[in-house]
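Q: Dropping a prediction and its sequence here:
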Amino acid sequence: MEHYRLTVIGGGPGGYTAALRAAALGLKTLLVEKEHLGGTCLNHGCIPTKTLHYSASLFQKLKDASEYGFSTGPVGVDYGRIQERKTAVVAHLVEGLGGLLKNAGVTVSFGQARLAAPNRVELELPGGERCAVETDQVILATGSEEIVPETPGMELPGVIFSREALALKQVPQSLAVVGGGVIALEMASLFAAFGASVTIVQRSILLRREDREMVRRLTPFLRRQGIKILTEAPLQRIEQDENGLALVLNTPRGAETVSAATVLVAVGRKASFGGLDLAAAGIRHGPAGIAVGETMATNIPGIFAAGDATAPGYFLAHVASHQGLVAAENAAGGSASFSGKAVPLCIFTQPELARVGLTEEEAREKYGAVKVGKFPFSANGKAFLQGEGDGVVKIIADGDSGTVLGVHILGPHASDLIQEGTLAVAAGAKITDLEELIHPHPTLSEAVWEAALAVNKAPIHLALRA
């Protein structure tokens, strides 16, 4: 029987990152994946979504080319070709990941894993063969799966989930998106950019965990794309009608019906245990995921867990990767720990929304007196010359100490700009640290500097009312 120092179950960001780090630390490592290397993120989530998002952004730029002095004529969309490029991007990255693991000396096995004991993993391979390996330690990185509401009509033709939406060969003429979280808004923005008539149907409010002011600022930009937004409208059922599908809603105005050719259900994700019988293994877990401490250790010695399968669920690939690193280092005898203090979140709508740290509501509840500084991208030279003046930077600081508590960015390249805020929140930086930090000119990052100035003083390139 083959013996490994470490067996990682799950080949997504948490699992493959753990395997690569463990191999670099000298552990003989086995990685077991039941479907595709890269998990949901690389195959059916982050990468395909952002590939399509980039095409949508480029399409918008091409349509506006005349504003920049170019004559292009009518710009059309070959969505099939866009899908081909997305598929090629994913295939290239999956192949590259396989090469990384091979070069690192990680053994990759495809199949279903079962925990026979803390130091024994049984495998069922794609051809039906079974084998077992001995292992000193295990990392569980089994990821997450989409939530399927128990709503009548979910089984009807034309009702899809994000995985199917990312594989569509044509843009739906009309699309109803059920949900108001990150995935729902990204999908709505994406398909609206390509010409679909999109309606968002949400049972409560949009992005309920985000800063309320930033969500209020984002909403008009979504509507400007032609997206219709129905909030406080719980879905009662989905029916077939002459136009395709009909969503029956219970709104404050009474019963309403929304018709669409396609319905995309995107109400969130939940922890997946990859078919493992955690109860039989004695691993403490619940609906929210596997219980772990800051070292990513479970209650069973020698078994760690990382990523979406753990509680609380961040459902972010970069968190899974970081937790995978922590688990691998501790499996190798280290003393690493994971902190959720400064976890950036990026939402790839148009414009993008990103944040790290506390919302203004959370900061006021926890600290009482807080100070807030804001700066619009419309007053930033780089954003203006690029024709990307929509949005604002908002920074929240403790009113007494000046410690940066939260950074929120709505605007161009927010997903890239947020990292300065992540460092500030993680390091416990003061607002004066951001004020005194020299930012290059002309750049979008100057908007972060100006927002920092607005906390205690006044931004340079914006006249404020007395």
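A: Sure thing, it's come through. Residues are numbered from 1 along each chain as shown.
Q: all contacts plus neighbour counts: C-alpha atoms, from now on.
A: Fine.
Q: Wait, Ile106 touches Leu27, no?
A: I think there's a mix-up here, since residue 106 is Val and not Ile. No: using Cα atoms under 8 Å, Val106 is not in contact with Leu27, being 9.1 Å away.
Q: In stretch 10-28, which residues are buried?
A: Within stretch 10-28, the residues scored as buried using 16 or more other Cα atoms under 10 Å are 10-24, 27-28.
Q: Likewise for stretch 101-120?
A: 101, 104-116, 118-120.
Q: same deal with stretch 448-463?
A: For stretch 448-463, by 16+ other Cα under 10 Å, it's 448-456, 458-459.
Q: Figure out the length between the terminal residues of that stretch.
A: One end of stretch 448-463 to the other measures 17 Å (Cα to Cα, to the nearest Å).
Q: now do stretch 313-322
A: 14 Å.
Q: Apart from its neighbours in sequence, what residue is nearest the spatially most central residue of the chain?
A: What sits nearest the mean C-alpha location of the chain, by Cα atoms, centre = their mean, is Leu316, with 4.8 Å. What sits nearest to Leu316 in space, not counting adjacent residues and going by Cα to Cα, 6 or more residues apart in numbering, is Asp308, at 7.3 Å.
Q: Pretty sure that neighbour sits in a helix.
A: Yes: assessed by DSSP: H, G, I helix; E, B strand; the rest coil, Asp308 belongs to a helix.
Q: is it true that it touches Ala320?
A: Yes: counting by Cα under 8 Å, Asp308 touches Ala320, with 6.6 Å between them.
Q: The buried residues of stretch 448-463: which two are farthest apart?
A: Val448 and Asn456 (13.9 Å; Cα to Cα).
Q: Check which helices and strands the helix or strand that contains Val177 sits against.
A: In the assignment (DSSP states H and E), Val177 maps to strand 174-178. Here strand 174-178 touches helix 182-193, strand 197-201, strand 254-260, strand 262-265, going by 3 or more Cα pairs under 8 Å, 6 or more residues apart in numbering; DSSP states H and E.
Q: and it with strand 197-201, angle?
A: 20 degrees (axes from the mean of the first three to the mean of the last three Cα atoms, to 10 degrees).
Q: List the neighbours of strand 174-178 that are in contact with it.
A: 184, 187-188, 196-202, 235, 258-267 (Cα atoms under 8 Å, 6 or more residues apart in numbering).
Q: Adjacent strands (with direction) for that strand?
A: strand 197-201 (parallel), strand 262-265 (parallel) (DSSP bridges).
Q: can you give me the helices in this protein?
A: Ranges of helices in the chain, per DSSP state H, are 13-24, 39-44, 46-63, 79-104, 162-165, 182-193, 212-224, 278-281, 317-331, 360-367, 381-385, 414-427, 431-436, 446-456.
Q: The fifth one packs against which elements?
A: Spelled out, it's helix 162-165. Counting contacts by 3+ Cα pairs under 8 Å, 6+ apart, helix 162-165 packs against strand 262-265.
Q: quick check: mean pLDDT across the strand it packs on?
A: Taken as a whole, strand 262-265 has a mean pLDDT of 98.
Q: what do you get for stretch 23-32?
A: Stretch 23-32 comes out at a mean pLDDT of 98.
Q: where does the closest residue in space to Lys50 that isn't next to it in sequence land on pLDDT?
A: In space, and not counting its chain neighbours, Lys50 is closest to Phe348: 7.4 Å by Cα to Cα, 6+ apart. Per-residue pLDDT puts Phe348 at 97.
Q: Phe348: neighbour count?
A: 24 (other Cα atoms under 10 Å).
Q: what residues are up against it?
A: Counted by Cα under 8 Å, 6+ apart, Phe348 has contacts 50, 53, 186, 415.
Q: Surely Pro312 touches Gly289?
A: Yes: here Pro312 reaches Gly289: they are 6.9 Å apart, a contact under Cα under 8 Å.
Q: So these two - more neighbours on which side?
A: In this comparison of Pro312 against Gly289, neighbours counted by other Cα under 10 Å, the higher total goes to Gly289 at 22 against 15.
Q: ok, now which ones touch the more buried one?
A: Here Gly289 is in contact with 270-272, 308-313 (criterion: Cα under 8 Å, 6+ apart).
Q: now Glu146
A: Per Cα under 8 Å, 6+ apart, neighbours of Glu146: 161, 266-270.
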